[in-house]
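S.K.: The sequence and its predicted three-dimensional model are supplied below.
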Amino acid sequence: MKRKKAKLDPIPHEQQQPLVARLMKACGGSYTPEQRRKYFISGPQWAAAYEGHALFHAPTRSPITFEHVIEQYAEIGIGHWTTHDTDVIPSSKLFTDEQDAIVDRIRKSLKKNGLKCSMVTTETFHHAVFAASPAAESASVRAYAAKRLVNTVNIGHQLGASYAVYWPGSLGYQIQGAVEETETLRWYAEGLNAACEADIAIAARMKRKTLKHCMEAKPFEPQAEILLPTSDAMLAFIGSGLLKHPEMVGLNPEYLHELMWGAAPRAALARAILAGKLWHFDINDGYRLKHDVDIAVGLVNPLDWLNVLILLRSHGYNGPFNLDYKPPRTTSNWGVFSVSFPTAVDRFISLWEMAGEALEDSVIREASDALRAGGTVPKNAGVDEITEANRELLTLHELIGHRLVQILLGLHKGRVYSV
Ligand code: GCO
Ligand code: MN
Ligand code: MN
């Protein structure tokens, strides 16, 4: 039916927030902060503070402080907070008393708002010093990078974190032939080795557990060619013999980063699970074979997400779900915390609970059991008999797919459309 075109009156600025707030309420389906806090969900400082800038984009939002982010996360019910070193400490203030003062302010702000810092990470991609990567030819750059990683481990322990993440960023090249890959990867390993060795010493001194050091791959950015473009490449790197403590190093796959290169994220995660290295998980969404659009979880591929969470639930994944996405440039500073974050968290919780429902679903269960039982095959059966014996059961693959879509759309509860 075509809607009659109403004359639309412009909406004055002061009425816009109330309108958005009313429509948010009308959407329904939101969880309480207490319910949200039951999940190991973390909110990055850089996601909330993202100002909408990029190579082709001027900022659309104004800067905000970590105090504000932490306070807003607490209100929403995001129980954990994550940060890069330079999201909160300007590069020039690192390694100074000012760093200690800032870390102290963060600690107080977390405590006041009942949040925990779960993960820290080092920015080794933005500052000009890392133009040739943290594993640059120049030994002075590499020594500085190692010092930064060690400093972040230290901050992590001071803030009570359990995870450190490493996105190698500019580890790659624009111009082929200038960089020798094996040498660069050896140098990169030296940085991680320094971080792990320092961690062992700091953890012993502070009577804490060592951190879980998690590598994060991204295939296409910010260099033209990337030396460790996928989680699989990182698994090979961890097992290459270059790391002094491979047992301390695992993965932080990002959903979109795996999707970007054309992988099935669920299969990439399955390989990480088999290797015992799925320790941390950046959750977001986007499109295949495109740049890193970092859209909020479940907005593009909810069915794929449901399947990812079925895999993680059935393997008892209990690490963090880090909301590493970028609120759209069209969203206001106010909208970041009143629409973008709560809706991302709530879609995640719905999909997680739905995954539990799918695992318990009697139709899926009986279909999966039947497929595993297989058909009745006579002794010494030949290829034709084996094929024939299983033929009707294989139809269940599509039936399971249909059932998962029914669960996703709520149709398994008997919802139908009048036609
Ligand atoms: C990206 C990356 C980053 C990393 C972060 C942690 O999408 O650009 O995922 O957000 O997760 O740098 O090291
Ligand atoms: Mn990420
Ligand atoms: Mn990303």
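M.R.: Structure received. Because the structure is a prediction, the values reported are computed rather than measured. Residues are numbered from 1 along each chain as shown. Ligands and ions are numbered 1, 2, ... in the order given.

S.K.: Domain boundaries for the protein, per the record?
M.R.: 31-360, 362-413 (automatic domain parsing).

S.K.: from those domains, which stretch is densest packed?
M.R.: Ranked by mean neighbour count under mean count of other Cβ atoms under 10 Å, these are led by domain 31-360, which reaches a mean of 19. Heads up, the C-betas are built off the backbone N, CA and C, glycines and all.

S.K.: Specify the stretch among the domains of the chain that is closest to ligand 1.
M.R.: With Cβ to the nearest ligand atom, the closest approach to ligand 1 among these belongs to domain 31-360: 3.5 Å.

S.K.: Endpoints of that closest one, how far apart?
M.R.: Using Cα to Cα, to the nearest Å, one end of domain 31-360 lies 22 Å from the other.

S.K.: tell me the average confidence for it?
M.R.: For domain 31-360, mean pLDDT is 98.

S.K.: Run the chain-centre distance for it.
M.R.: 7 Å (Cα atoms, centre = their mean, to the nearest Å).

S.K.: what helix or strand does residue 117 sit in?
M.R.: For residue 117, the host element (DSSP states H and E) is strand 116-121.

S.K.: Ok, residue 161 next?
M.R.: Assigned by DSSP H and E, residue 161 belongs to no helix or strand.

S.K.: Surely it and residue 117 touch.
M.R.: Yes. Residue 161 is in contact with residue 117 according to Cβ atoms under 8 Å; the separation is 4.9 Å.

S.K.: returning to what we had before: for ligand 3, find the nearest of the domains of the chain.
M.R.: With Cβ to the ion as the measure, domain 31-360 is the member of these nearest ligand 3 (4.1 Å).

S.K.: what about the closest one and ligand 2, touching?
M.R.: Yes. If you take Cβ under 5 Å from the ion as the test, domain 31-360 does meet ligand 2, through 254, 282, 324.

S.K.: List the residues that contact the closest residue to residue 71 other than its chain neighbours.
M.R.: Excluding the flanking residues, the one nearest residue 71 by Cβ to Cβ, 6 or more residues apart in numbering is residue 113, at 5.6 Å. By Cβ atoms under 8 Å, 6 or more residues apart in numbering, the contact set of residue 113 is 70-71, 73-74.

S.K.: Widest-spaced pair of those?
M.R.: Using Cβ to Cβ, those reach their maximum pairwise distance at 71 and 73, which is 7.4 Å.

S.K.: Quick check on residue 44: phi, psi?
M.R.: Backbone torsions of residue 44, given as degrees, to the nearest 10, read phi -70, psi 140.

S.K.: no wait, residue 211
M.R.: According to degrees, to the nearest 10, residue 211 has phi -70, psi 160.

S.K.: Distance check, it against residue 261.
M.R.: Between residue 211 and residue 261 the computed distance is 28 Å (Cβ to Cβ, to the nearest Å).

S.K.: Please apply the same query to residue 157.
M.R.: Look at residue 157 and residue 261: by Cβ to Cβ, they are 34 Å apart.

S.K.: where does the stretch 251-400 of the chain come near ligand 1, residue by residue?
M.R.: 254, 282, 292, 294, 324 (Cβ under 6 Å from any ligand atom).

S.K.: my read: the last one touches residue 292, true?
M.R.: No. Proximity of residue 324 to residue 292 does not meet the contact threshold set by Cβ under 8 Å, at 10.0 Å.

S.K.: What's the biggest helix in the chain, counting residues?
M.R.: Scanning the chain for the helix with the most residues, using DSSP state H, yields helix 181-206.

S.K.: Next, work out how far apart the most centrally placed residue in the chain and residue 94 are.
M.R.: The chain has residue 282 as the residue nearest its centroid, 0.7 Å off, counting by Cα atoms, centre = their mean. Relative to residue 94, residue 282 is positioned 24 Å away (Cβ to Cβ).

S.K.: so residue 273 touches residue 314, yeah?
M.R.: No. Using Cβ under 8 Å, residue 273 is not in contact with residue 314, being 9.9 Å away.

S.K.: Between the two, which contacts overlap?
M.R.: Between them, residue 273 and residue 314 share no contacting residue, judged by Cβ under 8 Å, 6+ apart.

S.K.: Which helix or strand contains the nearest residue to residue 407 once chain neighbours are set aside?
M.R.: Counting by Cβ to Cβ, 6+ apart, the nearest residue to residue 407 once its immediate chain neighbours are dropped is residue 358, at 5.3 Å. Here residue 358, judged by DSSP H and E, is contained in helix 341-360.

S.K.: Not counting its own residues, what contacts the helix or strand just after that helix?
M.R.: Downstream of helix 341-360, the first helix or strand assigned by DSSP H and E is helix 362-373. Helix 362-373 is touched from outside by 358, 393-394, 396-397, 399-400, 403-404, 412, with contacts defined as Cβ under 8 Å, 6+ apart.

S.K.: Could you rerun that using 10 Å?
M.R.: Outside helix 362-373, the residues that touch it by Cβ atoms under 10 Å, 6 or more residues apart in numbering are 310, 357-359, 361, 390, 392-397, 399-400, 402-404, 406-407, 412.

S.K.: With stretch 239-248 instead?
M.R.: Residues contacting stretch 239-248 (Cβ under 10 Å, 6+ apart): 164, 182, 185-190, 192-197, 199-200, 210-214, 237-238, 249, 275-277.

S.K.: quick one on the thing from earlier: distance of the residue nearest to the centre of the chain relative to residue 146?
M.R.: Residue 282 is 24 Å from residue 146, by Cβ to Cβ.

S.K.: show me where this structure has strands.
M.R.: Secondary structure of the chain (DSSP state E): strands located at 41-44, 80-84, 116-121, 163-166, 172-173, 212-215, 225-226, 249-251, 281-282, 321-322.

S.K.: now the ones you listed in TSV, with distance to residue 339?
M.R.: Below are these laid out as TSV (distance: least, Cβ to Cβ, whole Å):
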stretch	distance to residue 339
strand 41-44	15
strand 80-84	20
strand 116-121	24
strand 163-166	27
strand 172-173	36
strand 212-215	29
strand 225-226	33
strand 249-251	31
strand 281-282	21
strand 321-322	19
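
S.K.: for ligand 3, what are the nearby residues on the stretch 251-400 of the chain?
M.R.: So far as Cβ under 5 Å from the ion goes, the stretch 251-400 of the chain lies against ligand 3 at 292, 294.
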